[in-house]
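Predicted model and sequence follow; I will ask about them next.
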Amino acid sequence: MSDYIIRGTAGDNQIRFFAAYTTELVEEARKAHNTSPVATAALGRLLTAGAMMGSMCKNETDVITLQIQCNGPIGGLTVTADSKANVKGCVHNPEVILPPNSKGKLDVGRALDLGVLSVIKDIGLKDPYVGQTQLVSGEIAEDLTYYFATSEQVPSSVALGVLMNKENTVRQAGGFIIQLMPFAEEEVIEKLEKKLQEFTSITSYLDEGKTPEEIMEDLLGEFGITIMDKIPTKFYCDCSKEKVGKAVISIGQKEIQEMIDEGKPIEVNCHFCNSNYHFDVEELREMLKYAKK
């Protein structure tokens with residue numbers, strides 16, 4: 001099954017939902033960054049959330065960035081997604097190793113520990129919108145639930161999960177975001193809360209072979225669901241040698257001249273996808289012409 005996101009409504013538009021299957025893209029990220037199991041779980045959850053939140057964007061050029069700064073051993077994470085649900089991301093310490101938590105699960109909460117979640121929306125205005133909340137658990141889904149409630153005043157339920165194989169490849173990944181509209185009736189709210197309390201985990205549903213559509217039917221079927229659209233999502237980085245070259249040019253003449261004087265080629269790494277770009281001395285001389293003092 002290829003990765004995708006469904007968007008839809010339930011309960012006469014009183015509920016809106018996003019549900020994602022993201023196993024392939026999380027595995028792509030794992031391979032790109034050679035992440036440990038707990039780092040894969042943390043990055044995979046944030047990538048899944050980013051893809052769904054990217055699909056919420058109204059304009060084609062909108063970009064959303066989820067950034068976690070924390071004092072846990074993982075160091076922090078950054079994920080960026082566009083309106084087409086193309087998503088990329090990185091983790092500060094991809095090799096972090098921790099023992100399982102008390103439930104025998106990957107201990108993402110301890111890997112992150114205390115910190116801040118920032119949601120940065122670049123929607124074409126002069127300055128991007130930035131919303132920030134403290135991490136409430138470090139488990140990411142709970143932190144995003146808290147973010148939606150406090151920064152966007154939208155009551156939400158977020159579930160994110162990554163299940164690993166014994167050889168440390170990604171077995172299942174996915175998630176959902178369910179949100180109540182301002183006009184939701186009390187009866188609908190109470191029923192939804194009861195259904196969510198009975199929900200076990202997103203990975204257990206995915207491991208049973210259930211699709212995002214089937215998971216939403218299980219959770220919201222009694223309200224009557226309407227799936228508006230289904231969009232593909234993937235791990236995708238738009239870096240290129242040309243873009244990286246422009247970044248090198250932006251550091252200025254003095255620094256580029258120093259590189260040339262060393263007489264050695266340089267290698268520049270894209271932290272989002274771990275691609276390396278090489279520039280020889282002759283290319284640096286050409287770039288020097290365009291650099292500002």
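Cool, the structure landed. Numbering: from 1, shown residues only.

and stretch 89-96, how far apart are its ends?
16 Å (Cα to Cα, to the nearest Å).

show me where pLDDT drops low in this protein?
293 (pLDDT under 70).

Now do the strands in it.
4-10, 15-21, 63-70, 76-82, 86-91, 115-122, 129-134, 156-164, 170-180, 225-232, 234-235, 266-269, 276-279 (DSSP state E).

Next, the buried residues of stretch 230-242.
231, 233-237, 239 (16 or more other Cβ atoms under 10 Å). Bear in mind the C-beta positions are built from the backbone N, C-alpha and C, glycine included.

Going by distance to residue 201, which of those residues wins?
residue 233 (20.7 Å; Cβ to Cβ).

gap between the nearest residue to residue 25 once chain neighbours are set aside and residue 51?
Excluding the flanking residues, the one nearest residue 25 by Cβ to Cβ, 6 or more residues apart in numbering is residue 235, at 4.0 Å. To residue 51, residue 235 is 9 Å away according to Cβ to Cβ, to the nearest Å.

And residue 268, by the same measure?
27 Å.

What segments of the chain are helices?
23-33, 37-55, 108-112, 141-151, 186-198, 202-207, 212-220, 241-249, 253-262, 281-288 (DSSP state H).

Tell me which residues touch residue 50, please.
64-66, 79-81, 87, 89 (Cβ atoms under 8 Å, 6 or more residues apart in numbering).

now with 10 Å?
22, 64-66, 78-82, 85-89, 119, 233 (Cβ atoms under 10 Å, 6 or more residues apart in numbering).

before we move on, what about residue 99?
38, 106-107, 110.

and the two most separated of the residues you listed?
Going by Cβ to Cβ, the pair spanning the contacts of residue 99 furthest: 106 and 110, at 9.7 Å.

shared neighbours, the two?
Joint contacts of residue 106 and residue 110 (Cβ under 10 Å, 6+ apart) are 38, 98-100.

Could you measure from the residue nearest to residue 25 over to residue 86?
8 Å.

residues shared between the contacts of these two?
25, 51.

From residue 120, how far off is residue 207?
33 Å.

Compare those two and say which one has the larger neighbour count.
Ranked by neighbour count (other Cβ atoms under 10 Å), residue 207 and residue 120 place residue 120 first, with 16 against 13.

shouldn't that one be in contact with residue 151?
No - judged on Cβ atoms under 10 Å, residue 120 makes no contact with residue 151 at a distance of 11.6 Å.

Find the residues that touch each one of the two.
129-132.

Let me have those in a markdown table, extended by neighbour count and distance to residue 114.
Formatted as a markdown table, those follow (neighbours: other Cβ atoms under 10 Å; distance: Cβ to Cβ, whole Å):
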| residue | neighbour count | distance to residue 114 |
| --- | --- | --- |
| 129 | 12 | 24 |
| 130 | 13 | 20 |
| 131 | 14 | 18 |
| 132 | 14 | 14 |
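
Just the closest of those residues to residue 160, please.
Closest approach between the shared contacts of residue 120 and residue 151 and residue 160, by Cβ to Cβ: residue 131, at 18.2 Å.

List the residues that contact the closest one.
Here residue 131 is in contact with 117-121, 147-148, 150-152 (Cβ under 10 Å, 6+ apart).

Now the buried members of those residues.
Buried among those by 16+ other Cβ under 10 Å: 117-121, 147-148, 151.

now the residues you listed as JSON lines including distance to residue 252?
Formatted as JSON lines, these follow (distance: Cβ to Cβ, whole Å):
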{"residue": "117", "distance to residue 252": "34"}
{"residue": "118", "distance to residue 252": "28"}
{"residue": "119", "distance to residue 252": "32"}
{"residue": "120", "distance to residue 252": "26"}
{"residue": "121", "distance to residue 252": "30"}
{"residue": "147", "distance to residue 252": "37"}
{"residue": "148", "distance to residue 252": "41"}
{"residue": "151", "distance to residue 252": "37"}
